[in-house]
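Asks: Test case, fold it:
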Amino acid sequence: MTKDVEARFVGLASATSAVAGHGAHPCQGLYWTPRGARPKTALIATHYNVDFAEHYLGPLMAARGFGFLGWNTRYRGAEDLFNLEQALVDIGAGADWLRAAGAERLIILGNSGGASLMSAYQATATRGGAGLDASGRTAEALAELPAADLFVSLNAHPGRPEVLTSWMDASVVDETDPMQTDPALDPFDAANGPPYAADFVARYRAAQIARNQHITDWAKGELERLALAGIPDRIFPLFRTWADLRFMDGAIDPSERKTPLCYAGDPARANRGPLGIGRANTLRTWLSMWSLETSRCRGALHLPHVTVPALVIQSTHDAGVFPSDGRAIFEALASADKRLETPPGAHYFEDAPARREAVADLIAGWIEAH
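Replies: This next block holds a predicted model:
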């Protein structure tokens, strides 16, 4: 952090979550600003569960004269408990705080998984809380969310169910045993590729969707079974989620990325380990976040309600977000004023400091033009 930038810790309760007994606030983050300044334009960035307090863009945007709130909801590090409606209420607490701190213009930044979350926020704020399943104080809080003035999507997945399903190992035949797989669908068997034939790709994608639906059907039935015993929910593990064919075959959804590669390194190795996305869920969280059938954590449901000017950035070396993802987000936005940029760089532009500076310049220039 340069001497001209400072970060302030912000801890808040939200309308539906009070301070914990030991003193922790449910909503926490860092507000990055030019030293001693009270910016009139500020960004807020939030993810489903990743801690964005020290987001790499925080000091970079502050150095360019903006405020930047790296914001975390009550679900930071608690993906297995995620609830969309409550997360949006928590984001609203951060947005309200920014307005009170002097921000007259608010920009929401959806980075990585955060784009579908932030599009859900903007759509809900624009529609006065409509479109979600909420009641009581939650519904009231959703109806009071302050809408943003601009929307930025940065190296973003179209939605949580979509990214998980695309990354799922389609060869899994037993969700309770990571060793049980179908060799005919094994993406790491050289007999299947890469390169992968079009027929294999089609069968693999269909099997991924079927796997997601299989878990959804089981989760619904399990909730009914547990309810008979007065048990409201349970936790369960998810195995093998580093197996998107695009990790191994650069000819599918081509870009300048290296293959084989995923965010956890070698996909063949990572896919056998315990650190994939969605690795732990409650039944209700699966249905709320990951299910293709029931989840509302999908940009396609919310982006058509985002009408403010929008900037979509999709870097060309990203190992886990692909050109088709950026195009899908761009096309789904209802904004009359929207722009798609494809700069060089990895997912968080961690491959070169100059590329981080360049994307900060790109975002700053676009904001200033608006």
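
Asks: CA only for contacts and neighbour counts going forward, please
Replies: OK.

Asks: contacting residues for residue 68?
Replies: Applying CA atoms under 8 Å, 6 or more residues apart in numbering, we find residue 68 in contact with 31-33, 42-45, 57-59, 61-62.

Asks: same thing but 10 Å
Replies: Contacts for residue 68 (CA atoms under 10 Å, 6 or more residues apart in numbering) come out as 7, 30-34, 39, 41-45, 53, 55, 57-62, 98, 106-109.

Asks: Could you do residue 152 as well?
Replies: Counted by CA under 10 Å, 6+ apart, residue 152 has contacts 43, 45, 107-111, 115, 118-119, 309-313, 338-339, 363, 366-367.

Asks: thinking again about what came up before, show me which of the contacts of residue 68 are buried.
Replies: Buried by 16 or more other CA atoms under 10 Å: 7, 30-34, 39, 41-45, 53, 55, 57-62, 98, 106-109, out of the contacts of residue 68.

Asks: after the helix or strand of the chain with the lowest mean pLDDT, next one along is what?
Replies: Among the helical and strand segments of the chain, the one scoring lowest on mean pLDDT, DSSP states H and E is helix 136-143, with a mean of 93. Moving toward the C-terminus from helix 136-143, the next helix or strand (DSSP states H and E) is strand 150-154.

Asks: Only C-alpha atoms, please: export that next one in PDB.
Replies: Presented in PDB, the C-alpha positions along strand 150-154 are these (Å, rounded to 0.1, in the frame of the first residue of the first chain):
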ATOM      1  CA  LEU A 150     -22.800   1.600 -12.500                       C
ATOM      2  CA  PHE A 151     -22.100  -2.200 -12.900                       C
ATOM      3  CA  VAL A 152     -18.700  -3.800 -13.500                       C
ATOM      4  CA  SER A 153     -18.300  -7.500 -14.200                       C
ATOM      5  CA  LEU A 154     -14.700  -8.700 -13.900                       C
END
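
Asks: What strands line up against it, and which way round?
Replies: Note on strand 150-154: by DSSP bridges, its sheet partners are strand 105-111 (parallel), strand 310-313 (parallel).

Asks: could you give the mean pLDDT of the first one?
Replies: Per-region confidence: strand 105-111 scores 98 on mean pLDDT.

Asks: helix or strand right after it?
Replies: helix 114-126.

Asks: could you check the angle strand 150-154 makes with that following helix?
Replies: Calculated by axes from the mean of the first three to the mean of the last three CA atoms, to 10 degrees, helix 114-126 forms an angle of 160 degrees with strand 150-154.

Asks: phi, psi of the residue most central in space within the chain?
Replies: Taking CA atoms, centre = their mean as the criterion, residue 113 is the residue nearest the geometric centre of the chain, at 1.4 Å. Main-chain dihedrals, residue 113, degrees, to the nearest 10: phi -60, psi -20.

Asks: what ranges do the helices span in the stretch 201-350 of the chain?
Replies: 245-248, 267-270, 283-285, 299-302, 323-332 (DSSP state H, counting those that start in this stretch).

Asks: same deal with the stretch 1-150 of the chain?
Replies: Under DSSP H, counting those that start in this stretch, the stretch 1-150 of the chain gives helices at 57-63, 84-100, 114-126, 136-143.

Asks: Figure out which of these is closest to residue 251.
Replies: Of all the helices of the stretch 1-150 of the chain, helix 114-126 sits nearest to residue 251, with 25.7 Å by CA to CA.

Asks: just how off-centre is the closest one within its chain?
Replies: Averaging C-alpha positions (CA atoms, centre = their mean, to the nearest Å) puts helix 114-126 11 Å from its chain's average.

Asks: Can you give me the buried ones in stretch 151-171?
Replies: 151-171.

Asks: returning to what we had before: run the angle between the least confident helix or strand of the chain and helix 114-126 for me.
Replies: 90 degrees.

Asks: Now do the buried residues in helix 136-143.
Replies: Across helix 136-143, burial judged by 16+ other CA under 10 Å covers 138-139, 141-143.

Asks: Can you spell out which helices and strands pack onto it?
Replies: Helix 136-143 sits against helix 84-100, helix 114-126, with contacts defined as 3 or more CA pairs under 10 Å, 6 or more residues apart in numbering; DSSP states H and E.

Asks: Serialize the strands paired with strand 150-154 to CSV and add fields for distance to residue 280.
Replies: Shown next, in CSV, are the strands paired with strand 150-154 (distance: least, CA to CA, whole Å):
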stretch, distance to residue 280
strand 105-111, 22
strand 310-313, 30
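
Asks: Which stretches in this protein count as strands?
Replies: For the chain, applying DSSP state E gives strands covering 5-12, 27-34, 41-45, 67-72, 105-111, 150-154, 235-237, 280-282, 310-313, 338-341.

Asks: Dump those into CSV; add distance to residue 353 as well.
Replies: Shown next, in CSV, are the strands of the chain (distance: least, CA to CA, whole Å):
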stretch, distance to residue 353
strand 5-12, 17
strand 27-34, 19
strand 41-45, 20
strand 67-72, 19
strand 105-111, 18
strand 150-154, 17
strand 235-237, 37
strand 280-282, 34
strand 310-313, 17
strand 338-341, 19
